[in-house]
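Asks: my questions are about this predicted structure, shown below with the sequence.
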Amino acid sequence: MNKNYGFKIFPIIILLAILSSCKKDFVELVPPTSLTPVQALATEADLRVALFGAYAGLRNVDLYGRSLPIIGDIMADNAYQSTLNTNRYTFFNDYSDTKGVTATDGNVSGIWTAGYNVILRANNIINSTIPGNANVNQYKGEAYALRALCYFNLVRVFSKPYADDPNALGVPLITVYNPDLKPARSKVSEVYSLIISDLNSAYSLMTTFTNSSMLSKYAAKALQAKVYLNMGDKANAKTAALDVINNSGFNPLTAAVHGSYWASSTIRTDKLETLFEVSSDAVSNLSFDALSYLYSQAGNYGDILCSSDLYALYDAVDVRKSLYPTGIRAGLNSVFVNKYPVISGDLSDTKVLRLSEVYLIAAEASLPANEADARTYLNFITSRRGVAPVLSTGTQLFEDIITERRKELAFEGDRFFDMQRLKRDIVRSTNYPATSRTVPYTVFRRIQPIPQTEVDANPSIKPQQNTGY
């Protein structure tokens, strides 16, 4: 028995001796899957690769890959779900108590998770200790703009509008890598302050325009104009918008090229109209899950249609009307959406910031102080769509600008957020379910729930769920 015991203990003694003789730096090596951001981003080339990864995150199906632009129209009065559908976005189409979105909804969770994933990637670039030069500054500038864009989306989806209550609960602010952090929700005003600060940093750091799929100095300024408009800060919104209009070198979309512009799926280097878009090329795309498949009748789905009252707003001579052909779906007269027509190879990209919107921001921000400027910027767009100029004044002029935003930016995800910032009831056509044709501003489902997975995992946010969920 003693002999057997000795044979068993001897290998253990040898193993301990071997381990104790190992160099300290050998046993303390960090596994490759546990690299810190500083270790992972050690060179300028590393930063560039990380930046591409941050851009790729925007293509997530619940960000600009599909959900954000669809929700921005289907929760308003522009887009609706066909009776012949694949059950995508049904709950966003219907606000009723029995069919509305819940805290366990996959798309809501996806917006939250994908948004914070891009923020994480942007933070690592922003906080990199690599010495600055023109390239490093450009990369960091783009990362600041990406972080601002994601926080802007998150705070609009999950919080009350700034114009309603700047002190309301916003979303958690995370600006450094810390896997143990469990932050509470910051105020809406605090989130907007970070967004504005990030866009100022982006504007000052960036010097290069590469193409429409990458953020540039004036794309950041255009986003800032939009953010200021959402804050109700018209003076700063107009200043930012005019900087883009006067100094960016971008050229506006005209009637002559309107059709070819939307038919093309190629990223642009010519500074025509597109300040920023999320690219879906022939290699990097969502295939059948892409935005174009939800709209195009030539694809597998074609679930989402143009509402009849939006279609009625377009004059017969308006070049935009050609993007919305009519036909029959599920035995019903329907208006289809051809803004994203390419469903194979290099798929249609998702427009995020366009020069035409910047003109409309300048128009709205000119009121009420300067109606002449408002009409000038508004009619800059109408004259390039083949329709008569707007001659109205006062309250009607403001309404005409909001209507022009609806027509110009349809199916780009803006309409619902315009209704939110203006605190307006949503009045929908008979295309929508009878129970959700009038959606007052006070309906709690107009603000999305904090995902249940986040509530369960984060004790700081658990008592901060949005009302009604």
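Replies: Thanks, I have it.
Asks: what comes up buried for the longest helix seen in the chain?
Replies: Looking across the chain with DSSP state H, the single longest helix is helix 134-158. For helix 134-158, burial by neighbour count (16 or more other Cβ atoms under 10 Å) applies to 136-158. (C-beta placed from N, C-alpha, C; glycine too.)
Asks: with stretch 294-310 instead?
Replies: 294-297, 299, 301-307, 310.
Asks: please, which helix or strand holds Phe276?
Replies: Here Phe276, judged by DSSP states H and E, is contained in strand 274-278.
Asks: next, the angle from that strand to helix 134-158.
Replies: 70 degrees (axes from the mean of the first three to the mean of the last three Cα atoms, to 10 degrees).
Asks: and the helix or strand just after strand 274-278, what's its mean pLDDT?
Replies: Downstream of strand 274-278, the first helix or strand assigned by DSSP H and E is helix 291-295. Helix 291-295 shows a mean pLDDT of 95.
Asks: other SSEs contacting helix 291-295?
Replies: If you count contacts as 3 or more Cβ pairs under 8 Å, 6 or more residues apart in numbering; DSSP states H and E, helix 291-295 packs onto helix 67-74.
Asks: contact partners of the helix it packs on?
Replies: With contact meaning Cβ atoms under 8 Å, 6 or more residues apart in numbering, helix 67-74 is reached by 61-62, 79-81, 89, 92-93, 107, 110-111, 153, 157, 291, 294, 304, 350, 410-417.
Asks: from these, which land in strands?
Replies: Ala79, Tyr80, Gln81, Ile304, Thr350 (DSSP state E).
Asks: tally up the residues packed near the second one, please.
Replies: So that's Tyr80. Look at Tyr80: counted by other Cβ atoms under 10 Å, it has 27 neighbours.
Asks: Throw the ones in strands among the contacts of helix 67-74 into JSON lines and include pLDDT and distance to Val390, thanks.
Replies: Shown next, in JSON lines, are the ones in strands among the contacts of helix 67-74 (pLDDT from 0 to 100; distance: Cβ to Cβ, whole Å):
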{"residue": "Ala79", "pLDDT": "98", "distance to Val390": "25"}
{"residue": "Tyr80", "pLDDT": "98", "distance to Val390": "28"}
{"residue": "Gln81", "pLDDT": "97", "distance to Val390": "32"}
{"residue": "Ile304", "pLDDT": "98", "distance to Val390": "29"}
{"residue": "Thr350", "pLDDT": "97", "distance to Val390": "29"}
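Asks: quick revisit: what's the farthest-apart pair in the buried residues of stretch 294-310?
Replies: Of all pairs drawn from the buried residues of stretch 294-310, the greatest distance, 21.5 Å, lies between Gly299 and Leu310 (Cβ to Cβ).
Asks: what kind of secondary structure is Lys221 in?
Replies: The three-state label given to Lys221 by DSSP: H, G, I helix; E, B strand; the rest coil is helix.
Asks: that one: neighbour count?
Replies: 27.
Asks: surely it touches Leu199?
Replies: Yes. Lys221 is within contact range of Leu199, at 7.4 Å (criterion: Cβ atoms under 8 Å).
Asks: pull the contacting residues for Val443.
Replies: Val443 neighbours (Cβ under 8 Å, 6+ apart): Tyr95.
Asks: pLDDT score assigned to it?
Replies: Val443 is given a pLDDT of 94.
Asks: show me where pLDDT drops low in this structure?
Replies: Low-confidence segments of the chain (pLDDT under 70): 1-34, 97-98.
Asks: can you show me the strands along it?
Replies: Under DSSP E, the chain gives strands at 79-81, 274-278, 304-306, 326-329, 332-335, 350-354, 426-427, 438-439.
Asks: who does the first one touch, helix- and strand-wise?
Replies: The reference is to strand 79-81. So strand 79-81, by 3+ Cβ pairs under 8 Å, 6+ apart, packs with helix 67-74, helix 90-93, strand 304-306.
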